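Student: Fold the stuff below for me.
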Amino acid sequence: MRFEVSDLLFAGFTKNALRSLPPEYGIEFFYEFGKDYYWDEETAAWGRRELSIHGPCVAVNLADADDKHYLTAFKATLAYAAKINAGFVVAHTNEGWRGAKLQTQLLVQRRLGELLELAAECNVRLLIENVGLRTKGNVLFDFEEYLALFKTFPQAGALLDTGHAHVNGWDLAQTVRALGTRLEACHIHDNSGAGDEHLPVGRGTIDWQAYFAAVKEYAPQAAQVLEYSCGFDGTEALARHIAELKEAYKL
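Tutor: Numbers count the residues shown, from 1 in each chain. This next block holds a predicted model:
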C-alpha cells in the first residue's frame with residue numbers, strides 16, 4: 001500500500017521539514033500557497049518520489065457563481081502538475097455554498113467538466129474529493145450524489161476524505177466498496193465525528209480496522225495520504241507512525 005504525506009502538517013516556514021521524509025513516501029502539497037520558483041526548489045530537494053497536488057480550495061470555490069478565477073487558478077495548478085509529472089491533482093466540489101441546491105450542483109458539474117477537459121489536455125489525473133460537513137451545513141453532494149458524479153464524469157478519479165465522510169455519517173467501508181477501482185487516493189485523518197479535526201489515525205472514533213480491510217479488498221491501488229494538521233513535530237516521528245500503521249493493519 002502506497003503512502004503519501006500532505007504538507008498540511010508542515011505549514012509556513014516549516015515546509016522544508018519534508019525534505020527529510022524517507023523517499024519511499026510521497027508528498028502531496030498545496031500548490032496555491034507558493035510560487036513556482038518556491039515549489040521548484042522544494043520538489044528538487046524532495047528528490048525522486050511520488051508527488052501529488054491539492055488543487056486550489058481557499059481562493060477558489062466552484063460553487064460560487066461569482067468566482068471568476070477558478071479556471072486561471074486550475075490552469076496554473078494543472079500546468080505545474082504536468083511539469084513535475086504529479087500523480088494527480090485534487091479538486092473540491094465546493095466550499096461554502098448558498099442558493100438553490102440543484103442549481104448550484106449543476107454549476108459545479110459544469111465547472112468540473114471544464115476542469116476535466118483542462119486536465120486531459122495536460123495529461124494529468126483529476127480526482128474529485130468528497131467535501132462539506134453536516135455540522136457546518138455545507139454538504140452539497142451527499143453520499144449517493146457524490147457517487148453519481150462518477151457516472152456523469154467517468155473520466156474522473158475519486159479521492160475519499162475519511163474525516164469528511166466520518167463527520168457526515170458515511171460508512172467508510174461501504175464507500176470504499178462502492179467506489180472500487182475509481183478510488184485512486186484517500187486523505188486519511190481522524191476526528192470525533194463532530195468536526196474536521198485532522199487528527200492522526202487512531203486518535204478519533206473512526207473504525208480503521210474496517211476501513212483498511214475494505215481498502216485492501218476493494219481499492220488496494222488507492223494512495224493513502226496522511227492529511228494531518230497536528231500530532232507530529234517532524235518527519236522522523238511521522239515515519240515511525242506510518243510503520244506502526246503498516247504493522248497494526250497488515251498493510
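Student: Which strands or helices does the helix or strand hosting K151 pack on?
Tutor: Element membership for K151 (DSSP states H and E) is helix 143-152. Counting contacts by 3 or more CB pairs under 8 Å, 6 or more residues apart in numbering; DSSP states H and E, helix 143-152 packs against helix 101-122, strand 126-129, helix 172-179. C-betas here are computed from N, CA, C, even on glycine.
Student: Give me whichever of these is most buried.
Tutor: Neighbour counts averaged per stretch over the helices and strands packed on helix 143-152 are highest for strand 126-129, at a mean of 23; criterion: mean count of other CB atoms under 10 Å.
Student: in its sheet, what does that one sit against?
Tutor: strand 89-92 (parallel), strand 157-161 (parallel) (DSSP bridges).
Student: Please render the ones you listed as TSV that adds mean pLDDT, distance to Y37 and mean neighbour count to the earlier fields.
Tutor: TSV is the format used below for the strands paired with strand 126-129 (pLDDT from 0 to 100; distance: least, CB to CB, whole Å; neighbours: other CB atoms under 10 Å):
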stretch	mean pLDDT	distance to Y37	mean neighbour count
strand 89-92	98	20	27
strand 157-161	98	28	25
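Student: could you redo those as CSV and give each row distance to V215?
Tutor: Shown next, in CSV, are the strands paired with strand 126-129 (distance: least, CB to CB, whole Å):
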stretch, distance to V215
strand 89-92, 18
strand 157-161, 9
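Student: What are the buried residues along the helix holding K151?
Tutor: F143, Y146, L147, L149, F150 (16 or more other CB atoms under 10 Å).
Student: nearest residue to the fourth one other than its sequence neighbours?
Tutor: Nearest in space to L149, with sequence neighbours left out and distances taken as CB to CB, 6 or more residues apart in numbering, is I128 at 5.9 Å.
Student: cool, and the second one?
Tutor: Nearest in space to Y146, with sequence neighbours left out and distances taken as CB to CB, 6+ apart, is N130 at 5.1 Å.
Student: ditto for the last one
Tutor: By the measure of CB to CB, 6+ apart, the closest residue to F150 outside its immediate chain neighbours is R182, 5.3 Å from it.
Student: With A65 instead?
Tutor: L107 (6.1 Å).
Student: Help me confirm that that neighbour comes into contact with D67.
Tutor: No - taking contacts as CB atoms under 8 Å, L107 lies outside contact range of D67: 9.7 Å.
Student: what's the burial count for R182?
Tutor: By other CB atoms under 10 Å, the residues close to R182 number 20.
Student: ok, it - contacts?
Tutor: The contact partners of R182, by CB atoms under 8 Å, 6 or more residues apart in numbering, come to F150, A156, G157, A158.
Student: Touching, W46 and N16? I think so.
Tutor: No - counting by CB under 8 Å, W46 stays clear of N16, with 9.7 Å between them.
Student: all helices for this structure, in order.
Tutor: 36-46, 70-84, 101-122, 143-152, 162-167, 172-179, 208-218, 235-249 (DSSP state H).
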